[in-house]
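**Student:** okay, sequence plus prediction incoming.
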2 protein chains.
Amino acid sequence: QIAQQTAALFDRGSLSGKRVFITAGPTREALDPVRYISNHSSGKMGYALAEAAVDAGAKVTLISGPVNLPAPQRCERIMVESAEQMLAASLEHIDECDIFIASAAVADFRPVAVAEHKLKKGTEEIMELRLVKNPDIVASVAARQNKPFTVGFAAETRDVVHYAQDKLSRKNLDLIIANDVSRSDIGFNSDDNAVTVVSHDDVQQLPLSSKRQLASKLIEIIAAHQEN
Amino acid sequence: QIAQQTAALFDRGSLSGKRVFITAGPTREALDPVRYISNHSSGKMGYALAEAAVDAGAKVTLISGPVNLPAPQRCERIMVESAEQMLAASLEHIDECDIFIASAAVADFRPVAVAEHKLKKGTEEIMELRLVKNPDIVASVAARQNKPFTVGFAAETRDVVHYAQDKLSRKNLDLIIANDVSRSDIGFNSDDNAVTVVSHDDVQQLPLSSKRQLASKLIEIIAAHQEN
């Protein structure tokens, strides 16, 4: 710990002086006061990236959905619930942001209306739930005139590289970190991960390793791309 | 700990020799491999009831949805995800059960179909999700010919006693423990709770206290009712 802090003081890390925003974890979209739609994201990858970015000398803001992880040291953490709250927190100081890493598993849809009282079960066997598309946080950031270097994630169950390349150009991103969530040994709740880094001119496979090791490697790759 | 175990050996508790099944926590209903519908239940109340029942001399089976709580000591725990899994685990040895306490916050509805692959976000702004009613676990237990003494929970945001009395007779239960989840100081994620115990001939208010203290009191009340 002291060694790291000393290193941060004397060694100008690869992200020294950079402001990095990282979104992490799932979002929760309320159906009523007690029920919600969410997903299996643990937030571990985003939190590991925040730690690695701090170690690389960056000033980090972690914008986190509901997870069971302690706040990393030497980093500002903002807790949010819904995609709309995450978007608002992401954009609030976006002009100060050099690198935006969207690792959160944002819910694509939210209920059209949130019931004020708990919905009572009626006699109907079938219920239709109307959902409306959530704002696309990483695309909103990448669409800005002075956009930060913008890194997206793609969690897929098939055709991982194909979907990642499509997402990269469609959303005007600089880098995509893609992983195959159909593999049970890696991904959402695991401590390990194996990813594919897709840029506009390159596809790079990173082998299975701990999320901590992977995060350091990814921060190196992001720093190198961002300098170009 | 040793004191408790010694007490269990020598002191014949109020539930000595009884088999108690307790459901706890939320259920998760999968939309696809990564997304689900769930609710804010922490499982704390059910776990506290399991501990109190063990202390009262019962042989306890805790049937638990996904929560971040360690298994209580000296009790069998079965982990489940969905309402259908919780029903199957509840009924598997139901003939051996003397007291069934349904503290789980079971999702009322689940998606009609679970997608094998992660659903892709299309161009549509609105999505209709078709949900089908889940099995009613506590009513299924209470509908059996040799039903155990059956205790339900009611989490309401208004008209708490009214809804509890209705549920009690409609589902053929013996006791309902009702709480007002619109109060932010108690309930789902809190360590404290205040409940109303509703039987066929009585309404009893229990004041705000820790879930641990409340659980001991509730087990006493359940044991007294079950003997009648």
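**Tutor:** That came through fine.
**Student:** neighbours of the closest residue in space to residue A:154 that isn't next to it in sequence, how many?
**Tutor:** Distance criterion Cβ to Cβ, 6 or more residues apart in numbering or on different chains; nearest residue to residue A:154, sequence neighbours excluded, is residue A:178 at 4.2 Å. The way it works is simple: take the backbone N, C-alpha and C, and place the C-beta from them, glycine included. Applying other Cβ atoms under 10 Å in any protein chain shown, we find 22 residues neighbouring residue A:178.
**Student:** residue A:29 reaches residue A:135, doesn't it?
**Tutor:** No: Residue A:29 lies out of contact with residue A:135 (Cβ atoms under 8 Å); the separation is 11.9 Å.
**Student:** quick one: which of those two has more around it?
**Tutor:** Each of residue A:29 and residue A:135 has its neighbours counted (other Cβ under 10 Å); residue A:29 has more, 24 against 15.
**Student:** for residue A:65, see how far away that one is.
**Tutor:** Taking Cβ to Cβ, to the nearest Å as the measure, residue A:29 falls 11 Å from residue A:65.
**Student:** hang on, the earlier thing: so the residue nearest to residue A:154 belongs to a helix, correct?
**Tutor:** No: applying DSSP: H, G, I helix; E, B strand; the rest coil, one finds residue A:178 to be strand, outside a helix.
**Student:** hey, what's in contact with both of residue A:29 and residue A:135?
**Tutor:** Shared contacts of residue A:29 and residue A:135, defined by Cβ atoms under 8 Å, 6 or more residues apart in numbering or on different chains, comprise residue A:83.
**Student:** so what's the residue positioned nearest the centre of chain A scoring on pLDDT?
**Tutor:** For chain A, the residue nearest the mean C-alpha position is residue A:103 (1.4 Å; Cα atoms, centre = their mean). Note for residue A:103: predicted pLDDT of 96.
**Student:** which residues does it contact?
**Tutor:** Residue A:103 neighbours (Cβ under 8 Å, 6+ apart): A:22, A:23, A:24, A:45, A:46, A:49, A:153, A:177.
**Student:** which ones are touching the fourth one?
**Tutor:** For residue A:45, the contacting residues are A:24, A:103, A:153, A:193, A:211, A:214, A:215, taking Cβ under 8 Å, 6+ apart as the criterion.
**Student:** just give me the closest of these to chain B.
**Tutor:** Set against chain B, the nearest of the contacts of residue A:45 by Cβ to the nearest Cβ is residue A:153 (12.3 Å).
**Student:** so where do the helices sit in chain A?
**Tutor:** With DSSP state H as the criterion, chain A has helices at A:2-10, A:44-55, A:83-92, A:137-142, A:160-170, A:211-227.
**Student:** what distance separates the third one from the centre of its chain?
**Tutor:** Average the C-alpha atoms of helix A:83-92, do the same for its chain, and the two points are 12 Å apart (Cα atoms, centre = their mean, to the nearest Å).
**Student:** residues making contact with it?
**Tutor:** A:21, A:23, A:27, A:29, A:63, A:65, A:78, A:80, A:100, A:104, A:106-107, A:110, A:134-135, A:137, A:140-141.
**Student:** for chain B, tell me which of those residues show up nearby.
**Tutor:** Among the contacts of helix A:83-92, the residues within reach of chain B (Cβ under 8 Å from any Cβ of the partner chain) are residue A:107.
**Student:** just the buried residues of the contacts of helix A:83-92.
**Tutor:** Buried subset of those (neighbour count, 16 or more other Cβ atoms under 10 Å in any protein chain shown): A:21, A:23, A:27, A:29, A:63, A:65, A:78, A:80, A:100, A:104, A:106-107, A:110, A:134, A:137, A:140-141.
**Student:** next, the distance between the ends of stretch A:50-67.
**Tutor:** 14 Å (Cα to Cα, to the nearest Å).
**Student:** wait, I meant stretch A:66-77
**Tutor:** End-to-end span of stretch A:66-77 (Cα to Cα): 12 Å.
**Student:** ok, now stretch A:71-80?
**Tutor:** One end of stretch A:71-80 sits 13 Å from the other (Cα to Cα).
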